[in-house]
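> Output the structure for:
(one chain, ligands or ions: 2)
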Amino acid sequence: DLKGFIFDLDGVITGTAKFHGQAWHQLADELGVTWTESLANGLKGVSRMDSLEMILKAGGKENDYTEAEKVAYATKKNDNYLKLISNMTPADVFPGVKEFLDDLLAKGYVISLASASKNAPTILKHIGLSDYFTKIVDPATLSKGKPDPEIYTRGAEILNLPPEACAGVEDAAAGVAAINGAHETSIGIGDANELSAADIIFSETSALTLANIEAQMAK
Ligand code: BG6
Ligand code: MG
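Ligands and ions are numbered 1, 2, ... in the order given. Next up is the predicted model:
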């Protein structure tokens, strides 16, 4: 039986996936790399430096820059991203998410955060959910990012639960792969084709309820 839920942040709890996409798109334009839907989807859930490498690779430019130049580009992207999130408020929590979290906690489930983003604590503050997530995997301490399972393995460890007792909630294919690799139940939020590897898929967060999850798991 499930005892814990491990949440991704960007694109699951709030709409920051869109802002990451915008900021990377702007950088890709500057680098002369063609922005495509498949590149955009492939970047979801992927760490900052890995994302930059994927963009450079998509443009055949992976050998064109020094490490210092890459860090400068990643910093520029993040500065743009920080501008995009600066006006976020609790009203930006996705529909049904707060209700789902309240229901989980009221029923004795435990929750943790497995976001690749170093900005996650800042965003939680903006949207008023810092008190809900006292257990956060620090992405700076990971040896590998999503799709590697490490972040979801750690998300269960900090809950003191075995992976089998945990479900992960993700909007990205890389994240679903990480959950599956950690042997946890994967719940995808978004497009069923993009997230076809997930055990359970909901198109929107408003469908994220224990009743709906139990109904899907019974199938
Ligand atoms: C993930 C996002 O949550 O965090 C990615 O889905 C992002 O788009 C990654 O690149 C790293 O975020 P940050 O804020 O540390 O650059
Ligand atoms: Mg995400």
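> alpha carbons only for contacts and neighbour counts from here, please
Noted.
> which bits of this structure sit near ligand 1?
When proximity is defined by Cα under 6 Å from any ligand atom, the chain lies next to ligand 1 at 10, 17, 20, 43-48, 51, 78, 115-119.
> and if we set it to 5 Å?
Residues of the chain that fall close to ligand 1, judged by Cα under 5 Å from any ligand atom: Asp10, His20, Lys44, Gly45, Val46, Ser47, Arg48, Ser115, Ala116, Ser117, Lys118, Asn119.
> Could you say which helix or strand holds the fifth one?
Using DSSP states H and E, Val46 sits in no helix or strand.
> And the residue of this protein that's closest to ligand 2?
Proximity of the chain to ligand 2 (Cα to the ion) peaks at Asp10, 4.1 Å away.
> contacting residues for that residue?
Thr16, Ala17, Gly45, Ser115, Asp171 (Cα atoms under 8 Å, 6 or more residues apart in numbering).
> Out of the residues you listed, grab the one that's most surrounded.
The most neighbours of any of the contacts of Asp10, using other Cα atoms under 10 Å, belong to Asp171, which has 31 neighbours.
> What score does that residue have for pLDDT?
Looking at Asp171, its pLDDT is 98.
> Spit out the contact partners of it.
Asp8, Asp10, Gly11, Val12, Lys44, Gly188, Ile189, Gly190, Leu195.
> related to what we said a few turns ago, looking at the residues of the chain next to ligand 1, which are in helices?
Those of the residues of the chain next to ligand 1 mapping onto helices are His20, Arg48, per DSSP state H.
> ok, the residues of the chain next to ligand 1 vs Ser206, which is closest?
If you rank those by distance to Ser206 using Cα to Cα, Asp10 comes first, at 15.9 Å.
> Name whatever forms a beta bridge with that closest one.
Counting by DSSP bridges, Asp10 forms beta bridges with Thr14.
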